[in-house]
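Q: sequence? don't have it. structure:
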Ligand code: A3P
């Protein structure tokens, strides 16, 4: 069965996760393990802008926002696929098939013209230490309940992200740090702390972008030292609404269906809402996630909004 094949290829997935990168014990792919040092020692440029996040937190949205600001609202240039304009640096061609193509991504990023907008889900501690000393980092975080729902549907969409349990078992796996890039709080909290003292790190919340997209764009522009005209600001705000972005074939990743890596039913740009979890969680599951969240946030001053 697919499950047997998967567990054969990823023998430690179920209980111990994949590669546990140190520090932090993050669940990463075997390809990551082979390239961990190269990624840590990756040659950064001072004008790089890195977009960091836990998966399903609004990465794609933020990448498009940052790319357009950094490129002075070049909407023509933005018709090129986002994945090529802003590569996902540690992306293996296919997690399941073990293709060591992180090399290709490293080459792609190495050859990209400045300013580079680089996407990664790796936590700061596993990335080049110069990242926030010389470059700019835009971190985006989303409340854990909506991330769990979005990540669950993502596992159903991506063929090689094998998971055939229900949402409840996915949520439990998530809380036990057994999904790719776990632990969720480990990565967010280190970025949250870093952003407090490091002026090259901007910490955004998905929910703030939802509530006030225009204000979010202005904040990112200020952070990147760019000024936008009223007209550019209005156009960019329109460009980045869920309604428009989900129809934009340069960004919505629908090509995953023709390339065969996505299942036919389902969409990468799924719903784009805050509070969708309410339609999916039982009160008991919601309570368990609240408890888990509370125990992980003890001692931290970060607060998540799970409904706006
Ligand atoms: P949902 O699955 O809840 O719809 P990432 O890019 O980190 O994988 O995050 C994907 C999530 O961001 C998806 O969430 C997707 O719909 C949402 N998203 C993408 N573009 C968005 C936009 N313009 N406005 C709101 N949400 C957006």
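A: Everything's here; your move. The model shown is predicted, which means the values in this text are computed figures rather than measured ones.
Q: what comes up buried for stretch 26-44?
A: Of the residues in stretch 26-44, those scored as buried under the neighbour-count criterion (16 or more other C-beta atoms under 10 Å) are 26-32, 35-36, 39, 42, 44. Placement of C-beta: from N, CA and C, glycine included.
Q: please apply the same query to stretch 244-264.
A: Quick answer for stretch 244-264 (16+ other C-beta under 10 Å): 245-246, 248, 250-253, 256-257, 261-262.
Q: contact partners for residue 49?
A: Contact analysis of residue 49 by C-beta atoms under 8 Å, 6 or more residues apart in numbering lists 66, 70, 115-118, 135-138, 224.
Q: want to throw those into CSV with neighbour count and pLDDT?
A: Written out in CSV, the entries for those read as follows (neighbours: other C-beta atoms under 10 Å; pLDDT from 0 to 100):
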residue, neighbour count, pLDDT
66, 26, 98
70, 21, 98
115, 18, 96
116, 21, 98
117, 25, 98
118, 25, 98
135, 21, 95
136, 24, 97
137, 24, 97
138, 25, 98
224, 16, 98
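Q: closest to residue 57 among those residues?
A: Of all the contacts of residue 49, the one with the least separation from residue 57 (C-beta to C-beta) is residue 138, at 11.7 Å.
Q: the helix or strand harbouring the closest one close to the ligand?
A: Element membership of residue 138 [criterion: DSSP states H and E] is strand 136-141. No - Strand 136-141 does not reach the ligand (C-beta under 6 Å from any ligand atom); its nearest approach is 7.5 Å.
Q: that strand - contacts with which helices or strands?
A: Using 3 or more C-beta pairs under 8 Å, 6 or more residues apart in numbering; DSSP states H and E as the contact definition, the elements that strand 136-141 packs against are strand 49-53, helix 59-70, helix 184-197, strand 201-205, helix 206-211, helix 213-223.
Q: does the last one come close to the ligand?
A: No - contact between helix 213-223 and the ligand is absent, the nearest approach being 7.8 Å (criterion: C-beta under 6 Å from any ligand atom).
Q: tell me the angle that helix makes with strand 49-53.
A: Here helix 213-223 points in a direction 130 degrees away from that of strand 49-53 (axes from the mean of the first three to the mean of the last three C-alpha atoms, to 10 degrees).
Q: tell me if I am right that residue 270 is in a helix.
A: No - according to DSSP: H, G, I helix; E, B strand; the rest coil, the state of residue 270 is coil, so it is not within a helix.
Q: please tell me how far residue 241 sits from the ligand.
A: Look at residue 241 and the ligand: by C-beta to the nearest ligand atom, to the nearest Å, they are 6 Å apart.
Q: dump the residue contacts of the spatially closest residue to that residue that is not a sequence neighbour.
A: Ranked by C-beta to C-beta, 6 or more residues apart in numbering and with sequence neighbours excluded, the top spatial neighbour of residue 241 is residue 213, at 7.0 Å. For residue 213, the residues meeting the contact criterion (C-beta under 8 Å, 6+ apart) are 237, 240-241.
Q: can you list the residues of the stretch 101-250 of the chain near the ligand?
A: By the rule C-beta under 6 Å from any ligand atom, the part of the stretch 101-250 of the chain lying against the ligand is 146, 150, 153, 240-242, 245.
Q: one step back: so the strand holding residue 138 versus strand 201-205, what angle?
A: Taking the same axes, to 10 degrees, one finds that strand 136-141 is oriented at 20 degrees with respect to strand 201-205.
Q: after strand 136-141 comes which helix or strand?
A: Using DSSP H and E, the helix or strand that follows strand 136-141 in sequence is helix 144-157.
Q: residues of the helix or strand just after that following helix that come out buried?
A: With elements assigned by DSSP H and E, the helix or strand that comes after helix 144-157 is helix 167-175. Across helix 167-175, burial judged by 16+ other C-beta under 10 Å covers 167, 170-175.
Q: is the ligand contacted by stretch 69-82?
A: No - Stretch 69-82 does not reach the ligand (C-beta under 6 Å from any ligand atom); its nearest approach is 9.9 Å.
Q: how about residues contacting that stretch?
A: With C-beta under 8 Å, 6+ apart as the contact definition, stretch 69-82 has outside contacts at 49, 60, 63-64, 67-68, 85, 115, 117, 217, 220-221, 224, 226, 228, 232, 235-236, 239, 250-251, 255.
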